[in-house]
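Chemist: Here's my sequence, what's the structure:
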Amino acid sequence: MASFFDEIARNNLKSILLMLLFSLFFALVIYLFVIFMGGGLLAFILGMVFVICYAMFAYFAGDRVVLAVSRAQETDRSKYPQLYDVIEGLAAAIQVPMPKVYIINDPNPNAFATGASKKKASVAVTTGLLSMMNRTELEGVLAHEMSHVQDNDMKFMMIAIVYAGVIGLVAAFIRNMLWFGFGGNRRGNSGWIILIAIAVGILAPIFALLIRLAISRRREYMADANGARLIRNPSALSSALKRLLLYEKDPKSVPMAHANEMTASLYFSSPFKKGNIMNLFSTHPPLQERIDKLEKMY
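Modeler: Purely as a prediction, here's the structure:
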């Protein structure tokens with residue numbers, strides 16, 4: 001058995017440590033890229049400035065992009081009074097402004113929160129989720145999403161996505177250079193050039209993906225615990241997850257129509273059809289593990 005607070009503290013610490021590791025790894029990749037290109041300290045600094053500018057753009061424009069890609073449409077209280085009432089009550093409980101509410105016309109039962117800050121948050125819910133959940137279960141799902149808002153998880157995950165994206169771009173650039181016969185700084189040892197190319201061009205994106213997914217899973221566990229604490233009812237969230245587990249096992253279930261690899265970590269549960277892929281490469285913990293953890297909380 002574990003308390004809400006134990007689970008929240010444990011997963012928060014692990015995710016912060018993973019983010020520190022990711023930051024160090026990211027700086028190392030940029031440094032190795034500068035060496036490969038034959039640059040020095042100035043080139044490294046300029047590279048980091050570029051990344052910071054890119055991150056700022058992704059941070060402030062990211063929520064609009066996510067909502068547009070997901071085909072989310074803003075709605076109002078007159079159309080979905082129960083949804084508004086639940087979100088409004090949760091926003092008051094965590095003392096944040098009422099988020100904008102969006103509806104996604106999709107049979108997959110899912111939801112996500114996004115936004116540059118607590119004051120500019122948005123919550124999107126699919127029509128599939130609204131048709132499947134009763135009010136108590138809907139409150140559990142939305143408590144999870146509002147916990148993401150309270151904990152600034154949108155900012156947290158955006159940094160991880162930027163890190164992984166930049167590392168992927170750097171790796172692709174190096175692979176293309178090698179493919180077309182450019183070898184970087186030829187003044188050094190060619191053996192080192194090859195090692196750097198292999199490390200950054202092939203291994204770095206894989207390692208970055210694994211860290212990003214591990215961070216995403218930790219924040220999901222944390223939002224489960226914080227959401228259950230917020231409404232003081234872990235069974236509401238575990239009941240919602242059980243419904244999703246049944247849906248996941250249904251051969252007629254469908255993946256989200258407009259979800260992609262970059263937006264997947266934002267959703268309440270994985271928006272993709274469950275396949276034979278290992279849990280190691282999932283943005284979310286297995287539903288049964290989340291249920292088991294919630295049922296042991298107090």
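Chemist: can you pull out the helices in the stretch 51-200 of the chain?
Modeler: Under the criterion DSSP state H, counting those that start in this stretch, the stretch 51-200 of the chain contains helices at 81-94, 127-132, 135-150, 153-179, 190-198.
Chemist: Quick check: Lys293 vs Leu210, distance?
Modeler: As for Lys293, its distance to Leu210 is 22 Å (criterion: Cβ to Cβ, to the nearest Å). Any C-beta I mention is one placed from the backbone N, CA and C, and that applies to glycine too.
Chemist: Neighbour count for these two, which is higher?
Modeler: Using other Cβ atoms under 10 Å, the more surrounded residue of Lys293 and Leu210 is Lys293, with 20 against 14.
Chemist: Show me what the helix or strand the more buried one falls within is packed up against.
Modeler: Assigned by DSSP states H and E, Lys293 belongs to helix 287-295. Under the contact criterion of 3 or more Cβ pairs under 8 Å, 6 or more residues apart in numbering; DSSP states H and E, helix 287-295 touches helix 204-231, helix 234-249.
Chemist: Now do the first one against helix 135-150, angle only.
Modeler: Between the axes of helix 204-231 and helix 135-150, defined by axes from the mean of the first three to the mean of the last three Cα atoms, to 10 degrees, the angle is 120 degrees.
Chemist: Would you mark the buried spots in helix 204-231?
Modeler: By 16 or more other Cβ atoms under 10 Å, the buried positions in helix 204-231 come out as 204-205, 207-209, 211-231.
Chemist: Quick check: mean pLDDT of that helix?
Modeler: Averaged across helix 204-231, pLDDT comes to 92.
Chemist: Any idea how far it is from the middle of the chain?
Modeler: Helix 204-231 sits 7 Å away from the centroid of its parent chain (Cα atoms, centre = their mean, to the nearest Å).
Chemist: what's the burial count for Asn176?
Modeler: Other residues within reach of Asn176, judged by other Cβ under 10 Å, total 11.
Chemist: Quick one: distance of stretch 47-56 to the chain centre.
Modeler: Taking the mean of its C-alpha atoms, stretch 47-56 sits 20 Å from the chain's own mean (Cα atoms, centre = their mean).
Chemist: what does the average pLDDT come to for that stretch?
Modeler: Mean per-residue pLDDT for stretch 47-56: 75.
Chemist: thinking again about what came up before, make CSV out of the helices of the stretch 51-200 of the chain and add distance to Glu74.
Modeler: Shown next, in CSV, are the helices of the stretch 51-200 of the chain (distance: least, Cβ to Cβ, whole Å):
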stretch, distance to Glu74
helix 81-94, 12
helix 127-132, 15
helix 135-150, 16
helix 153-179, 17
helix 190-198, 47
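Chemist: Low-confidence ranges, the stretch 101-250 of the chain, go.
Modeler: For the stretch 101-250 of the chain, the stretches flagged by pLDDT under 70 are 178-193.
Chemist: who's in contact with Thr263?
Modeler: Taking Cβ atoms under 8 Å, 6 or more residues apart in numbering, we find Thr263 in contact with 66, 69-70, 112, 271.
Chemist: Ignoring the adjacent residues along the chain, who's closest to Asn260?
Modeler: Val69 (6.9 Å; Cβ to Cβ, 6 or more residues apart in numbering).
Chemist: Near the one you found, how many other residues are there?
Modeler: Neighbour tally, Val69, other Cβ under 10 Å: 13.
Chemist: Surely it is in contact with His258?
Modeler: Yes: at 6.1 Å, Val69 counts as touching His258 under the criterion of Cβ atoms under 8 Å.
Chemist: before we move on, back to that, how near is the residue nearest to Asn260 to Ala9?
Modeler: To Ala9, Val69 is 34 Å away according to Cβ to Cβ.
Chemist: next one: stretch 35-49 to chain centre, how far?
Modeler: From the chain centre to the centre of stretch 35-49 is a distance of 29 Å (Cα atoms, centre = their mean).
Chemist: Done for today, thanks.
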